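whatever this is, show me its structure:
(chains A, B and C)
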Amino acid sequence: MSDPTSRSLVTTQPPEHPDVVAGAAPLGTSTGLSPGQKDKPRGLLGDAWYDLRRKPLFWISASFIMLFVLMAAFPFIFTSHSPTDPVGTGLSRSLEGPSGDAWFGTDIQARDIFARVIYGARASIIVAVSATIGTVLLGATVGVLAGFWGGWVDALLSRLADVFFGIPFVLGAIVILFTFNPKGAGSNEWKIMGLVIVALCLLTWPVAMRIMRSSVLAAKQADYVVAARALGASNARIIFKHLIPNCLAPVLVYSTILIGAYIGAEATLSFLGVGLQSPVVSWGVMISDSQQYIRVRPNWLLFPSAFLVVAVLSFVMLGEAVREALDPKLR
Amino acid sequence: MGRYVLRRLLQLIPVFFGATLLIYALVWAVPGDPFAGKCGERACPDSYVQFMTEKYHLDDPWPVQYVYYMGHLLTGDFGQTFGGREISEIIAQAYPNTLKLALMGLLIEGVIGLTAGILTGLRRNGFLDNLVLVSTLFLLAIPTFVSGFLLQFVLGTQFRIIDPTVAEGAPFWDYLVPGFVLASISMAYVARLTRTSIAENSRSDYVRTAVAKGLPQRRVVGVHLLRNSLIPVITFLGTDLGSLMGGAIVTEGIFSINGIGREVYRAIVTKESATVVGIVVVLVMVYLLMNLLVDLLYAALDPRIRYE
Amino acid sequence: MRVSKRASAVAAIAAVALVAAGCGGGDDTEENSGNADKTANGAITIDGTQPANPLLPSATSETGGGDVLDFMWTGLINYPAGGGDPVNAVAEDIGTTDAQTYTVKIKKGIKFHDGTEVKAKNFVDAWNFTAYSENGQQQASFFSDIDGYEAVHTEDPDGEEGPQKAPKPTTDKMSGLAVVDDYTFTVKLAAPNSIFPVKLGYSAYFPMPDSFFAAADKNEWGKKPVGNGPVKFVSWTDNVEIKLTRFDDYTLDDKVKIKDVTVKLYQEDTAAYAELVANQLDFQQQVPSSSLAGEKWKADLGARGLTVDIPVMQIIAFPIYDKRYQNKDLRRAVSLSINREEIASKIFFNTRKPATSWAAPGTPGATGFDCTTCKYDPEAAKAALQAAGGFEGEMVIYYNADASHKDWVEAAANSVATTLGIKVRAEGMPTFAVFRQNIDGKKMTGPYRAGWQADYPNGENWLGPLYVTGASSNDGSYSNPQVDALYQEGSRLADEKAAEAKFAEAIKIVDAEVPSIPIVSVTQQSGISNRIAPSVKTNWVGSIDLSTVELV
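Coordinates of the predicted model:
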């Protein structure tokens, strides 16, 4: 075992991780493995795919994710109700329990909760998955740079991460979302979604960066990297062929959980009045709206939460399956 | 080792300035006039706005304000809120409560997360494994403003098992439920991290060797497996303390805990830069020092690690 | 004309926090009243929020501090619980012949908590202190009616943003105030105003003891304030509690019977409610909305729950400075298309009443204030929209997202959209400060929610500050010379009935032009613990009337 190195930090294993900065928003780290990504050619691909095909866990989680993607793309095939118009006339049917007509009941504005949950999948999944991918890309890139080059690059990037880590989530989110989306600026739903994604990425990347950095620090000293370098491999080749594939696991564990955390964070932003707003529907918006009425209509909270949990669960399971398939040690 | 610690401590200085500058600028950029909302549903008199503006140098460009602020801070003066309270007083009063809450959160997160992680790591893909996964994810997915309210209502109001709020100077155990709410977000990750780490290490050479030597299962797990698997988890828990303290805003509000969260939120909304920076800077320092401590602990736990 | 309006604390429930004229309670009966011995040595805990500023009447415009000030001080007049005309408190008599010069005589022997006597100069000096612009006090504008205010309170010549500063005032004494003797002073107004004496019960007009003027650091003094009311200050632990105790030398009628009062400072009303239900808190002024939903609070509290009318209305106001909202037919159409009954019953669970008048129900002198557009009439609404020539684009109704306004504003927006068939949406602004800044700066681009809480029990308060050109709370810049003229005439009349008639005439014009739309009037849901006798009343400020508290 060679001298473990490193200028300032530690080696081996992923230290630090996650978490919540201020508001109620947890963070996590890294990479969302969306169904498309598993196909990236990585050399191991054939093996991995062979492995995956035989795992029921993979098929179950993948089909759930497909279902959610379908919901996000074509919500109208699941329900004939509108997510924004009331059931019945006016508010006559507000806060009803589940019925044959409105399966999950209605909310205070007499809207069909089932329809809203279906339509809410789009914003929730887009925000959570894109923010997760963005956070991982940003964090992992900085982390790889810091870990691989070390020295002053590492010191600078690490301290920068510390500075960003210090910003309370609520503060950062209010500033970013309000500065770039002043009221009345024709609240374009895609623009707000984009801003929410950017805000989540910017405020949480240091965690992904730390995980990646420490993995890289450890892997850099591994025999196969030393060997590759001795054979004259370029830096780029070492990073892309050796370091990244081998350092992905810890980041992956975190990233799948991060998706769930981001859906919750999106709820908090809506709650604070800086996130998504009606008429956009998302699970987070529904959860935050239902808060006052938990005692009367728990179903309003329960159904979006249940969908959220199933979605997160699917992503976690899929991530797990893919990780195991990609890791040759586990074969 | 000594030199390493010294270098790390020196690095705190640029982070200190960087973090204060950035936070100061952000608070300055928060939209809204700090005095616009102070007089209710009508505008405040100009004389009041002007008086306050001058008193707190709000007319100057923000870098100048920042220099003023740092000048005072470096002589130990944290400044005053717009309401005339000493910020150092707020910090002294609120931090111990937030710290108690965060420590309780950490304890719960550690105990539940580790237990669940170890159990599921040893028996992967069983019923228990899935149950733990689903329930921790459920906790993660429910925002704290919902779970806190529900627990307070059910346990505090309906069944009277706990006090619905935590009084000033309450014993540590009164923080149990708020701590649980606070920890619910990280618990899923701790359980998951432990599980992965155990799973990975259980296939390692030294475990295989230990098993081959004929060591009893208890010893293999307790000594060889756990000790090595827990390193990343302990690292995480250490650095999580700062995050828990910073993330307690909602929990503190629900349980009426007199912590830093309420002051930070109030100060952000009213654009009181001095208050936000004062409180957050202490938080950043706590976080960085915990980081350092964890790194040192790390070396103690893993003899392979040495610092130059 | 400016009078009070305290800001409710950020994130506190809705706008309900302030001024309440208690109509609840009912008459004391034998069974209702408490145990005299227990009461005399008893202590209660009530809910509150951390005051934003030191406890100074001149610097407090929010409820957290305002409620405590109202406990600790007694003004010239009191607004009786149950509404109705004000009664003299510290004042012996407030007299005038021309509605311009008032002679105020105060009662002898009333003491501050430090033992010094309340004299005429304590009022005059306090008022001058607050009005003097160099002191930068929040409540300065309450004295703008008084002759000589301009001399002590200079305005910035080019507005707040401009480079110039306001010149230093030439004097620090208003010429309209004069001390005649220890117990008499005169107030000369810049113009006749028959409503002036009605305002004098508000905290900005409280007297200040000599120790306040002697103190070098007023903020420091405000952390241990000395008042002249039925309870005196004991201690204040920031964010935790303010302790008060009975002032035994108090001579006026509203003596308190209990000994100690602790105001517990909460961050969230749900926390206070949880303690109330568990009988650990003796009084909560407003039950949180999560327990109002589905009327759960009635089950939680039973007989411990109280409902009182308070003079608060929730309104949607138009930015008339925006071209798109200058057509009165359009504004009419919007008003007629909002189903107030449904909002009151479905969104507010009947804790609000559909608005039918331009003033809160029961306001004295507001009998002719009927709101003819405050009804749901889809046909008339569509006709009005047609008369207005339709509406282009999207109408966005704004609210501040840091209090619970979202549901009702959204319901109102939906109601307008469905009825008129135009695009309408509700949008939240993150904080009250941002919201107010846009309103103050006349930058609103759509209708917005507003709340008006009466400053004093008189119909004039629902007209003067809101719809007269340039008035302090006429945020939408509504202007009609006829309304102004009628209002001026009315406020100069010394005869109350005649003044009322003028105001009602002005409101008729307002009613036809719909500068804003009253949506619902508010009732307050309070709760008491089982230790307090149900004969307790809420006072005019919506908070508990301490003099009515008895323990059982």
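
look up phi and psi at the residue lying closest to residue A:111 once chain neighbours are set aside.
Nearest in space to residue A:111, with sequence neighbours left out and distances taken as C-beta to C-beta, 6 or more residues apart in numbering or on different chains, is residue A:86 at 5.8 Å. Quick note: C-beta positions are derived from backbone N, CA and C, even for glycine. Residue A:86 has phi and psi values of phi -70, psi 150 when expressed as degrees, to the nearest 10.

how about the residues of the stretch 401-550 of chain C that lie near chain A?
For the stretch 401-550 of chain C, the residues in contact with chain A under the definition C-beta under 8 Å from any C-beta of the partner chain are C:401-402, C:404, C:406-407, C:410-411, C:414-415, C:418, C:425-431, C:434, C:438, C:445-446.

meant to ask about the stretch 101-250 of chain B, not that
Residues of the stretch 101-250 of chain B lying near chain A (C-beta under 8 Å from any C-beta): B:125, B:133-134, B:137-138, B:140-146, B:149-150, B:153, B:185-186, B:188-189, B:192-193, B:196, B:203, B:231-232, B:235-236, B:238-240, B:243-244, B:246-247, B:249-250.

among these, which are in helices?
Assigned to helices by DSSP state H, the following of these qualify: B:133-134, B:137-138, B:140-141, B:144-146, B:149-150, B:185-186, B:188-189, B:192-193, B:196, B:231-232, B:235-236, B:238-240, B:243-244, B:246, B:249-250.

hey, which helix is longest across the chain?
No chain in the question, so chain A it is. Within chain A, and with DSSP H defining each element, the longest helix by residue count is helix A:113-149.

switch to chain C, please.
In chain C, assigned by DSSP H, the helix with the most residues is helix C:496-513.

which residues does that one contact?
C:194-195, C:328, C:331, C:358, C:365-373, C:459-460, C:462-463, C:467, C:478, C:480, C:482-483, C:486-487, C:489-491, C:493 (C-beta atoms under 8 Å, 6 or more residues apart in numbering or on different chains).

what about the helices in the stretch 1-150 of chain B?
B:2-29, B:46-55, B:62-74, B:87-122, B:127-141, B:144-151 (DSSP state H, counting those that start in this stretch).

near chain B, which residues of the stretch 201-350 of chain C? Just list them.
Neighbours of chain B within the stretch 201-350 of chain C, by C-beta under 8 Å from any C-beta: C:219, C:222, C:237-240, C:266-268, C:270-275, C:277-278, C:280, C:290, C:300.

can you pull the contacts of the closest residue to residue C:41 other than its chain neighbours?
Nearest residue to residue C:41, sequence neighbours excluded (C-beta to C-beta, 6+ apart): residue C:259, at 5.4 Å. Contacts here follow C-beta under 8 Å, 6+ apart; on that basis residue C:259 touches C:40-43, C:245-246.

go with 10 Å
When contacts are counted by C-beta atoms under 10 Å, 6 or more residues apart in numbering or on different chains, residue C:259 is found next to C:39-44, C:231, C:245-246, C:248, C:551.

ok, back up a step: give me the buried positions along the longest helix of chain C.
Buried residues in helix C:496-513, defined by neighbour count with 16 or more other C-beta atoms under 10 Å in any protein chain shown: C:499-508, C:510-511, C:513.

same check on stretch C:88-100?
Of the residues in stretch C:88-100, those scored as buried under the neighbour-count criterion (16+ other C-beta under 10 Å) are C:88-91, C:94, C:96, C:99-100.

for whichever residue of the stretch 201-350 of chain C sits closest to chain B, grab the count of nearby residues.
With distances taken as C-beta to the nearest C-beta, the stretch 201-350 of chain C approaches chain B most closely at residue C:274, which sits 3.1 Å away. For residue C:274, the number of neighbouring residues by other C-beta atoms under 10 Å in any protein chain shown comes to 30.

nearest residue to it in space, please, no chain neighbours.
The spatially closest residue to residue C:274, leaving aside those adjacent along the chain, is residue B:164, at 3.1 Å (C-beta to C-beta, 6+ apart).

three-state assignment of the one you found?
The three-state assignment at residue B:164 reads coil, by DSSP: H, G, I helix; E, B strand; the rest coil.

and it, what does it touch?
Contact criterion C-beta under 10 Å, 6+ apart gives B:151-153, B:155-157, B:177, B:254-256, C:270-278, C:280-281 as the residues in contact with residue B:164.

phi, psi for it please.
In this entry, residue B:164 is assigned phi and psi values of phi -60, psi -30 (degrees, to the nearest 10).

could you do residue B:156 as well?
Comment: the main-chain dihedrals of residue B:156 come out as phi -90, psi -40, following degrees, to the nearest 10.

could you do the one 4 residues further on as well?
Dihedral pair for residue B:160: phi 60, psi 30, per degrees, to the nearest 10.

surely it is in contact with residue C:275?
No - under the criterion of C-beta atoms under 10 Å, residue B:160 is not in contact with residue C:275, lying 11.3 Å apart.

tell me which of those two has more neighbours.
Set side by side, residue B:160 and residue C:275 give different neighbour counts by other C-beta under 10 Å, the larger being at residue C:275 (24 against 11).

for whichever residue of the stretch 401-550 of chain C sits closest to chain A, what are its contacts?
Across the stretch 401-550 of chain C, the shortest distance to chain A (C-beta to the nearest C-beta) belongs to residue C:401, at 2.6 Å. Counting by C-beta under 10 Å, 6+ apart, residue C:401 touches A:270-275, A:277, C:11, C:427-432, C:434-435.

what about the residue nearest to residue C:257 when sequence neighbours are not counted, is that helix, strand or coil?
In space, residue C:257 comes closest to residue C:39 once its chain neighbours are excluded; the distance is 4.7 Å by C-beta to C-beta, 6+ apart. Applying three-state DSSP to residue C:39 yields a three-state assignment of helix.
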